[in-house]
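Student: heads up, no residue letters with this:
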């Protein structure tokens, strides 16, 4: 009995060993044959004839599939080899010890066990063949690989996908023993020129890719074209493009074609980045415009309005109609909330172009208008405050009343028209208010020029009377024209219409301070707008009237711009300082549109500075006085790539990656073998609570039973 039991155990172990060893032997033979027939230098997959492909499935070691021929042998071994017998302690068996024994055929291996073992063996053989689902497309040619990377602001939204693609290409090139070079098209942070990385090994290239990041400024493909000329050997180029056109695109492509094969990886039009434009104020509304590079189907995007702490205050939808490239959304806030909004962004878009920063220019500043009498509802055009109200109504929050009442409120600017003459007490209050940071804007007129009760709250000393253009001793032959605004003036940069005519003005006494206090002058050099800095505030005088009585300035768009600029000069606004002074960087946007501390490489912002590595988008100034520097102002071209030259292939980014199934197959095989082991142990009663102590089924036996004497 012991001999028989040992024999059965031995046969069972042989069957299991055969199921495991035979496929491994065949796999080893297959690998040895391939290693002997393969050259010492790896060839590109396109030239590797040993790979077997079946649809989207590829086998890197196809000769290992010959191991499937061992499955019939395994089936036969499992069929003829009986399972191990179960053992039960049954003392009465001693009574029949000496009975004549008849040999009974052993029970057969159950079907479920045969299927389990066959499946495990098949998984092992397939794993040895190294199956790959959706195998990688071979790289072009056998030249070194040049990865041209668009890493400007337009690449920020899907940068993680681009980095994954770069790592995939680097690994592919490494498998083919190719050298790799990189050319990033956005200028570096340090402001140096665009240049290639030089040729690297796969390990060096992988390290470089991990350190790459998108930049919050546009690409410079003209500079990239010059850098490509420095490559003195043939290369195969893969361009990870942002899918957008820019200056120098076609020139860059032609230069790359002269070096070898060129392939472009770019998103479809629907996946290209969006551009958010700074809002245009319309009354109490903020009208925000979103652009997409190409027309397409109807599409809705969500715009977010955020406070300074990053909290979302409101959200609105902008809907692109079919075949339209522009969509609008309107935000409507109370002044208290509107003045806390510092950022607008596109939900789901991570780029500097999807963010607009808001400074004081978009805030509704509280403005006080000193009123001597109630406006004449029947004749509003005769009211000298009417034109000021109309010019500033969409941009400020108006308060009307007497000087004393207005100063008790929180206002940024106080406007006094000609008829609003000041008592001495009001003048003293205003002077103190200015020195604490307030701004007073005054207009001249007949009362100021000829009034008997004339105060002295002016930025310059005034001559008595006024100067006329058409009559009197002090007059011109023709109406006077405005001279261009000088660089030191806050009005510098405003459009100057040719039809502005000044017919009458009050004159300033010349002194040593007149020139530096002049913000605007006429063509003959006489001041039209003067200003004086008093303490923390400003005192500003327009030397003509606020209505059309002395000029047509109040009827022009320039009047609106001048008033808005003065309001922007109020306390807490960037204009409160020298407009032409460079502003220190405070917070800047990175390539994914996140606002953070400005890097050390960022330089102070000059008045007319453009977006660059030295001045990226962000806030400049400080927490109390800041200027928004937005990327949208620097975007001149916003359209998809043009038609490509012949010989340049375009493909979308890989959406499904190569999937090596070897690990899954080995894991499945291990799970099946563990399951088989647990079932065997359970049926032999070696698991707690399973097997022993249970009465075996006699009617439908699965296994042979032996007695234990």
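Tutor: Structure received. Note that the coordinates shown come from a computational prediction; the quantities given were computed from them, not determined experimentally.
Student: Can you show me the strands along the stretch 251-400 of the chain?
Tutor: 262-265, 275-276, 280-282, 285-291, 299-307, 312-320, 326-332, 341-346, 355-357, 365-370, 396-401 (DSSP state E, counting those that start in this stretch).
Student: In the protein, what residue spans correspond to helices?
Tutor: Listed in chain order, the helices found in the chain under DSSP state H are 2-37, 71-80, 111-128, 159-175, 202-211, 221-229, 249-257, 335-338, 386-392, 403-407, 424-435, 446-450, 557-568, 662-683.
Student: For these, give me JSON lines that also has mean pLDDT and mean neighbour count.
Tutor: (C-beta placed from N, C-alpha, C; glycine too.) Listed next are those as JSON lines, based on pLDDT from 0 to 100; neighbours: other Cβ atoms under 10 Å:
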{"stretch": "helix 2-37", "mean pLDDT": "47", "mean neighbour count": "14"}
{"stretch": "helix 71-80", "mean pLDDT": "77", "mean neighbour count": "16"}
{"stretch": "helix 111-128", "mean pLDDT": "84", "mean neighbour count": "19"}
{"stretch": "helix 159-175", "mean pLDDT": "91", "mean neighbour count": "18"}
{"stretch": "helix 202-211", "mean pLDDT": "95", "mean neighbour count": "15"}
{"stretch": "helix 221-229", "mean pLDDT": "94", "mean neighbour count": "20"}
{"stretch": "helix 249-257", "mean pLDDT": "93", "mean neighbour count": "19"}
{"stretch": "helix 335-338", "mean pLDDT": "80", "mean neighbour count": "15"}
{"stretch": "helix 386-392", "mean pLDDT": "91", "mean neighbour count": "19"}
{"stretch": "helix 403-407", "mean pLDDT": "88", "mean neighbour count": "17"}
{"stretch": "helix 424-435", "mean pLDDT": "89", "mean neighbour count": "16"}
{"stretch": "helix 446-450", "mean pLDDT": "85", "mean neighbour count": "18"}
{"stretch": "helix 557-568", "mean pLDDT": "91", "mean neighbour count": "20"}
{"stretch": "helix 662-683", "mean pLDDT": "82", "mean neighbour count": "15"}
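Student: For residue 586, find the nearest of the ones you listed.
Tutor: Across the helices of the chain, the minimum distance to residue 586, taken as Cβ to Cβ, is reached by helix 557-568, at 18.0 Å.
Student: gap between that closest one and the chain center?
Tutor: For helix 557-568, the gap between its own C-alpha mean and the chain's C-alpha mean amounts to 35 Å (Cα atoms, centre = their mean, to the nearest Å).
Student: please begin residue numbering at 30 from this point
Tutor: Sounds good: first residue 30 from here, last item helix 586-597.
Student: That helix packs against which elements?
Tutor: Contacts defined by 3 or more Cβ pairs under 8 Å, 6 or more residues apart in numbering; DSSP states H and E place helix 586-597 against helix 415-421, strand 468-472.
Student: angle of that helix against strand 425-430?
Tutor: 80 degrees (axes from the mean of the first three to the mean of the last three Cα atoms, to 10 degrees).
Student: Would you map the strands across the stretch 480-629 of the chain?
Tutor: Under DSSP E, counting those that start in this stretch, the stretch 480-629 of the chain gives strands at 496-497, 533-534, 547-550, 556-563, 566-571, 614-618, 624-626.
Student: Need the residues that contact the third one.
Tutor: Yep, that's strand 547-550 we're talking about. Outside strand 547-550, the residues that touch it by Cβ atoms under 8 Å, 6 or more residues apart in numbering are 511-512, 514, 518-520, 556-560, 569, 591.
Student: Need these in CSV (columns: distance to residue 384).
Tutor: Listed next are the contacts of strand 547-550 as CSV, based on distance: Cβ to Cβ, whole Å:
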residue, distance to residue 384
511, 37
512, 39
514, 31
518, 31
519, 27
520, 29
556, 41
557, 39
558, 35
559, 39
560, 34
569, 34
591, 30
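Student: Return the members of those residues classed as buried.
Tutor: 511, 514, 518, 519, 520, 556, 557, 558, 559, 560, 569, 591 (16 or more other Cβ atoms under 10 Å).
Student: For the fifth one, which non-adjacent residue is spatially closest?
Tutor: Leaving aside its chain neighbours, residue 520 sits nearest to residue 514 (4.3 Å; criterion: Cβ to Cβ, 6 or more residues apart in numbering).
Student: you'd agree that neighbour is up against residue 521?
Tutor: Yes - taking Cβ atoms under 8 Å as the definition, residue 514 is a contact partner of residue 521 at 4.6 Å.
Student: Domain map for this protein?
Tutor: 31-164+690-737, 174-298+669-686, 304-391, 394-601 (automatic domain parsing).
Student: Can you spell out which residues form a bridge with the residue nearest to residue 307 when sequence neighbours are not counted?
Tutor: The shortest distance from residue 307 to any non-neighbouring residue, by Cβ to Cβ, 6+ apart, is to residue 385 (5.2 Å). Taking DSSP bridges as the rule, residue 385 bridges to residue 373.
Student: so what's residue 385 up against?
Tutor: Applying Cβ under 8 Å, 6+ apart to residue 385 gives the contacts 305, 306, 307, 308, 317, 372, 373, 374, 657, 659, 661.
Student: now, among the residues you listed, which is nearest to residue 700?
Tutor: Closest to residue 700 out of these is residue 374 (47.7 Å), distances taken as Cβ to Cβ.
Student: ok, how many other residues are close to the closest one?
Tutor: When counting by other Cβ atoms under 10 Å, one arrives at 21 neighbours for residue 374.
Student: Kind regards, and thank you for your time.
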